[in-house]
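K.L.:
A structural model of the following input is requested.
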Amino acid sequence: MTDAPSLLWLRRDLRLSDNPALLAACADGGPVIAVAIRDGLADRLGAAPKWRLGLALEELARALEARGSRLILRSGEALEVLRGLVNETGAQSVHWSRFYDPDTIARDSRVKAALREDGVAAHSHAGHLLFEPWEVQTGTGGYYKVYSPMWKAVKDRDVTPPRPAPDRLRVPATWPESETLESWSTGAGMDRGAAVCAPWQRVGEQAAQARLGWFLSGPVEHYGTNRDIPAEDGTSGMSEHLSLGEISPRQCWHAGLRARAEGAGGAEKWLKELVWREFAYHLLYHTPRIVSDNWREAWDAFPWRTDSDRAEVIAWKQGRTGIPLVDAAMREMYVTGRMHNRGRMIVASYLTKHLMTHWKIGMRWFEECLTDWDPASNAMGWQWSAGSGPDATPYFRVFNPETQADRFDPDGTYVRRWIAEGQRDPPRTALSYFEAVPRSWSLSPDASYPSPVVGVKEGRARALNAYEARNF
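P.N.:
Residues are numbered from 1 along each chain as shown. Sure, this is the predicted structure:
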């Protein structure tokens, strides 16, 4: 036992159970001071993910307070904030969970080196993934570029069982000062959209565990089919919780294994989706260009349009392309902060292929608008849809939104849920879109529904001609 505290630097690990960094801080023997830092990387978050982060921090603060502890909030450059707290508290160590995008790696490496030079023990821990990216290798010692062999390589690996939250958290005799979450203004970018999105959010560790329990108690049975039907609540909904670490992947994995052992029909398919997330991070770590450049360099010369302010792209952003399934998916995002996975593929295909627009424009828009935004999954998903990424959809596969609707929304339930125009008595969900989007768009449910900005057949033909001209 010691009276010297340990600092727990929380980022995307906003939970108390199965948190290796928290357990390591407790194992040091002294008081634990949890701190969240609003630095430049946090300030760069898009409007929706920043707002969702604020909700998560608020819920975590309540969880800590229920255990007699606190969450300390500080703003500034991360190293200087941590050095300041070390000086104020006499902390002997700093612990945090690893993250894998290039900017975070660069920042954390600087912090770790500087703190150790100061004589402070600085430790990063696993916890955001099932497998560290450097621990999964091909037979020749390289990284996986294709998902299927990676799944085969890891599906039978032992994954350490999740650990419970610590029984108690020692607290310091004197707490350092903290900023208020209100002063961080995490919801400023959402404007009026926050009030519309708020009822759709499931925030915090308890909500994550409850949702997982609900999913695995029934819906997982038909996950293999219902996951593709946007009108059904047929997915686990773990994306927002995994993104912010409100639940650990190990907790999800072992719960999924239990469901599979009990005979749940869709459990293995769901486990494969957890490994798809791992694959995204595997590539983010080994090929960080995936967030900024074409993963397949042959696509560097492809003539995607990059003028994001042209009418076609604005119509796409506004959910007014005149293609109902595309528009319904975009409007779902503005109302709920999320978008069904089938919808994500369709709107991405329409932007990059029918509208011949660079995937970066769509990736950045999702980064602004999704409450479950995740840098690895977002980047890989857009490049997969565009054809420029790993495990990419073939260039000639251009999703037809009309046939997709016939197959996955045959009675139009999903489209009616989100598109008000043309309905005599539109549902609240469809009307909420007009309350969520920026006033500057000047949109009204009384307006007529637009004609297609680019027709389905026309857009497909244009895309295929461009691909064939490049000899893909």
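
K.L.:
Show me what the helix or strand containing Ala24 is packed against.
P.N.:
Remark: Ala24 resides in helix 20-27, with elements defined by DSSP states H and E. Using 3 or more C-beta pairs under 8 Å, 6 or more residues apart in numbering; DSSP states H and E as the contact criterion, the elements in contact with helix 20-27 are strand 6-10, strand 32-38, strand 93-97, strand 121-125. Any C-beta I mention is one placed from the backbone N, CA and C, and that applies to glycine too.

K.L.:
Just the C-alpha atoms of the second one, please, in PDB.
P.N.:
Output of strand 32-38 as PDB, limited to C-alpha atoms (Å, rounded to 0.1, in the frame of the first residue of the first chain):
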ATOM      1  CA  VAL A  32      -6.600   6.100  -8.300                       C
ATOM      2  CA  ILE A  33      -7.400   9.500 -10.000                       C
ATOM      3  CA  ALA A  34      -9.300   9.100 -13.200                       C
ATOM      4  CA  VAL A  35      -8.800  11.900 -15.700                       C
ATOM      5  CA  ALA A  36     -10.200  12.800 -19.100                       C
ATOM      6  CA  ILE A  37      -8.300  15.300 -21.200                       C
ATOM      7  CA  ARG A  38      -9.700  17.600 -23.800                       C
END
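
K.L.:
I would like the residues contacting that strand, please.
P.N.:
By C-beta atoms under 8 Å, 6 or more residues apart in numbering, the list of residues contacting strand 32-38 from outside reads 5-11, 22, 25-26, 57, 64, 69-76, 78, 81-82, 85, 89, 91, 169-172, 175-176, 184.

K.L.:
what's the nearest residue to Arg170 if we skip its chain neighbours?
P.N.:
Excluding its sequence neighbours, the residue lying closest to Arg170 (C-beta to C-beta, 6 or more residues apart in numbering) is Pro31, at 4.4 Å.

K.L.:
meant to ask about Lys317, not that
P.N.:
Nearest residue to Lys317 in three dimensions, chain neighbours excluded: Trp365, at 6.1 Å (C-beta to C-beta, 6+ apart).

K.L.:
correct me, but the one you found touches Gln318?
P.N.:
No - counting by C-beta atoms under 8 Å, Trp365 does not reach Gln318; the two are 10.9 Å apart.

K.L.:
ok, back up a step: tell me the most buried of the helices and strands packed on helix 20-27?
P.N.:
Counting by mean count of other C-beta atoms under 10 Å, strand 6-10 has the highest mean neighbour count of the helices and strands packed on helix 20-27, with a mean of 26.

K.L.:
just the angle between that one and strand 93-97, please?
P.N.:
If you take axes from the mean of the first three to the mean of the last three C-alpha atoms, to 10 degrees, strand 6-10 sits at 20 degrees to strand 93-97.

K.L.:
so what does strand 6-10 touch, helix or strand wise?
P.N.:
For strand 6-10, the packing partners by 3+ C-beta pairs under 8 Å, 6+ apart are helix 20-27, strand 32-38, helix 78-89, strand 93-97.

K.L.:
burial count for Ser448?
P.N.:
Ser448 has 7 neighbours, counted by other C-beta atoms under 10 Å.

K.L.:
cool, and Asp167?
P.N.:
7.

K.L.:
Distance check, it against Arg67.
P.N.:
According to C-beta to C-beta, to the nearest Å, Asp167 and Arg67 sit 10 Å apart.

K.L.:
Same question for Ala208.
P.N.:
18 Å.

K.L.:
And for Ala298?
P.N.:
Noted for Ala298: a distance of 54 Å to Arg67, by C-beta to C-beta.

K.L.:
Looking at these two now, which is surrounded by more residues?
P.N.:
Taking other C-beta under 10 Å, Ala298 and Arg67 do not tie; Arg67 has more neighbours (14 against 11).

K.L.:
can I assume Val398 sits in a helix?
P.N.:
No - counting by DSSP: H, G, I helix; E, B strand; the rest coil, Val398 is not part of a helix but coil.

K.L.:
who touches it in this structure?
P.N.:
Contacts of Val398 (C-beta under 8 Å, 6+ apart): 349, 353-354, 459-460, 463-464.

K.L.:
Would you mind confirming that Trp253 makes contact with Thr160?
P.N.:
No - counting by C-beta under 8 Å, Trp253 stays clear of Thr160, with 9.9 Å between them.

K.L.:
more crowded one of these two?
P.N.:
Using other C-beta under 10 Å as the criterion, Trp253 and Thr160 rank with Trp253 on top: 20 against 12.
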